[in-house]
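Participant: kindly return the folded structure for what I paste below:
(2 chains)
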Protein chains: 2
Amino acid sequence: MTGRDGGAELSPIEPSPVVILVRPQLAENIGSVARAMGNGGLFHLRLVAPRDGWPGERAWRTGSGAHRILDAVQVFDSVAEAVADLHRVFATCPRPRHIIKPVLTARGGAAEVVAIGTRGMKTGVLFGPERAGLDNDDIACADSLIRYDLNPGFMSLNLAQAVMVFGYEWWLARQGELPVRELQTNETRPATKGELDNFMVHLIRECDQSGFLNNPQKRPGMVRNLRHFFQRGEVTRQELQTLHGVVSELVRGRKEKR
Amino acid sequence: MTGRDGGAELSPIEPSPVVILVRPQLAENIGSVARAMGNGGLFHLRLVAPRDGWPGERAWRTGSGAHRILDAVQVFDSVAEAVADLHRVFATCPRPRHIIKPVLTARGGAAEVVAIGTRGMKTGVLFGPERAGLDNDDIACADSLIRYDLNPGFMSLNLAQAVMVFGYEWWLARQGELPVRELQTNETRPATKGELDNFMVHLIRECDQSGFLNNPQKRPGMVRNLRHFFQRGEVTRQELQTLHGVVSELVRGRKEKR
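Facilitator: Numbering: from 1, shown residues only, chains lettered A, B, ... in the order given. As a prediction, the model looks like this:
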């Protein structure tokens, strides 16, 4: 699933939310987070009290080209300081207890972040440490919670993957209307119905001559079957050419016999 | 973002697509994939020609409790064998060239997978090796492509994160209202990949014998073209039977000549 390293071109897409890792433990996880942020088009990364200090060399190794994000990391002593310049803060939090705040899904949260950004406000999203998650004091710094809609029977969500899902939703939310489906046509184009019909005439003529369609009761159904099949999917011109060749060559021997 | 280890309770949620890792390199990545699968409620994991063999101990370490998924892994020598019992196969693929297949987003693909599953068919999703991605022969085994909608300026997507995004979308798609799709075939059922492969072997053998595939430079591309074409759409068993008949009858004349 990798492609060429596009890390050199990474730059902020504004307005873009700040990802805030609260007390992250391992530098390699911070690097993986940066990589996931790059995938989602996120750029601003802040660390609150990273356990092993900062910078941590291993982050640049797992960052897989997202070095611009890592080079621009800002470090804070507390969550309160890390969110001080932001207008709206979300906390990702699997199961809050004794806390009453609006709870959004990742999709809903991403849409909120985009909507708030268009009003000129700065947003941030808190992610807790690898094992413990955010504590109540951290969550108190947030306006709303984001709870991921995932298998409740297996809650062990990797930090970088939590960021990935948010980044993915943010990228989609920015784009608004989503193309659900498109046809990939690089070098050839789908055949027209007329071109397809030419092939069907060719195929059925040869099937008739070979005796395959000899049974008059069965013939209409079999022809229909063949038409249905070749109609389905989208046949390209190039494929039709190949199929013409297949039919011609398969019957060549019989014709030569005559 | 972690919670308690719920791995012991992991079990298949049917109908559930098969995740197929093609030539994965590192056991720890396979473990991370299993963990992501657990988050998304996926269970069935197949490996095609894992570079370092299988089982790889490190997978159970990074799997973070998803040991049931890892214990149930199936290993295959080829993609064709890994998909032989499936009805519909998707390939995750960042930028295909020279290939025409339907391309879906992760969200659209997950919705398709759910819709197909409700019709009693088995689906699978191919993920390529860490560096290279899927090659053209791998992609030829798929019906449709899934291309992730993510930052095109930073394509380096970690394998487990690719699986995570798909699993996340699958989990959400399962919960949504299912689009009721008309079943076009009430009297026959879609062919499995293995049945389709039998036909391809038949067709290509006859094409070889007729001399149609004589040019060794062109042969691989032409075979791939044919495979691409017959993969598309949903071939039914009845249609396959008809197609077998067509090929056999078209060549009968040539054989009788001998």
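
Participant: from now on I want contacts and neighbour counts done on CA atoms only, so please keep to that.
Facilitator: Fine.

Participant: tell me the bridge partners for A:Ile20.
Facilitator: Counting by DSSP bridges, A:Ile20 forms beta bridges with A:Arg46, A:Leu126.

Participant: my guess is it contacts A:Arg46, does it?
Facilitator: Yes. Using C-alpha atoms under 8 Å, A:Ile20 makes contact with A:Arg46 at a distance of 4.7 Å.

Participant: who has more neighbours, these two?
Facilitator: Between A:Ile20 and A:Arg46, counted using other C-alpha atoms under 10 Å in any protein chain shown, A:Ile20 has the larger neighbour count: 28 against 25.

Participant: check contacts around the residue nearest the centre of chain A.
Facilitator: Nearest to the mean C-alpha position of chain A, by C-alpha atoms, centre = their mean, lies A:Tyr168 at 5.8 Å. Taking C-alpha atoms under 8 Å, 6 or more residues apart in numbering or on different chains as the criterion, A:Tyr168 is in contact with A:Asn39, A:Gly40, B:Asp149, B:Leu150, B:Val165.

Participant: rerun at 7 Å
Facilitator: Remark: with contacts taken as C-alpha atoms under 7 Å, 6 or more residues apart in numbering or on different chains, A:Tyr168 is in contact with A:Gly40, B:Leu150.

Participant: quickly find the element holding it.
Facilitator: Using DSSP states H and E, A:Tyr168 falls within helix A:159-175.

Participant: same deal with A:Val33?
Facilitator: Assessed by DSSP H and E, A:Val33 sits inside helix A:27-40.

Participant: mean confidence score for that helix?
Facilitator: Computed over helix A:27-40, the mean pLDDT rounds to 97.

Participant: is chain B contacted by stretch A:34-45?
Facilitator: Yes. Counting by C-alpha under 7 Å from any C-alpha of the partner chain, chain B has neighbours in stretch A:34-45: A:Gly38, A:Asn39, A:Gly40, A:Gly41.

Participant: can you give me the end-to-end span of that stretch?
Facilitator: In stretch A:34-45, first residue to last residue: 8 Å (C-alpha to C-alpha, to the nearest Å).

Participant: now swap in stretch A:136-146 and tell me
Facilitator: One end of stretch A:136-146 sits 14 Å from the other (C-alpha to C-alpha).

Participant: may I ask which helix or strand of chain A has the lowest mean pLDDT?
Facilitator: Every helix and strand in chain A was compared by mean pLDDT, DSSP states H and E; the lowest is strand A:181-183, with a mean of 40.

Participant: check which element follows that one along the chain.
Facilitator: helix A:193-210.

Participant: now do the buried residues in that following helix.
Facilitator: Within helix A:193-210, the residues that count as buried by 16 or more other C-alpha atoms under 10 Å in any protein chain shown are A:Leu196, A:Phe199, A:Met200, A:Leu203, A:Ile204, A:Glu206, A:Cys207, A:Gln209, A:Ser210.

Participant: so who does the second one touch?
Facilitator: Read it as A:Phe199. With contacts defined as C-alpha under 7 Å, 6+ apart, A:Phe199 is in contact with A:His244.

Participant: which one is A:Ala173 nearest to, not counting chain neighbours?
Facilitator: What sits nearest to A:Ala173 in space, not counting adjacent residues and going by C-alpha to C-alpha, 6 or more residues apart in numbering or on different chains, is A:Ala111, at 5.5 Å.

Participant: now A:Gln25
Facilitator: Per C-alpha to C-alpha, 6+ apart, closest to A:Gln25 is A:Arg51, 5.0 Å.

Participant: so the one you found, which of the three states?
Facilitator: coil (DSSP: H, G, I helix; E, B strand; the rest coil).

Participant: what's the burial count for it?
Facilitator: By the measure other C-alpha under 10 Å, the count of residues near A:Arg51 is 14.

Participant: and what of A:Asp77?
Facilitator: 13.

Participant: test my guess that it contacts A:Ala49.
Facilitator: Yes. Judged on C-alpha atoms under 7 Å, A:Asp77 makes contact with A:Ala49 at a distance of 5.1 Å.

Participant: how close does A:Ile30 sit to A:Ala82?
Facilitator: 16 Å.

Participant: not counting stretch A:213-231 itself, show me its contacts.
Facilitator: Contacts with stretch A:213-231, where a contact means C-alpha under 7 Å, 6+ apart, come from A:Cys207, A:Asp208, B:Glu239.

Participant: least confident of these?
Facilitator: On pLDDT alone, B:Glu239 ranks lowest of these, at 83.

Participant: which parts of the helix holding A:Val33 are buried?
Facilitator: Across helix A:27-40, burial judged by 16+ other C-alpha under 10 Å covers A:27-40.
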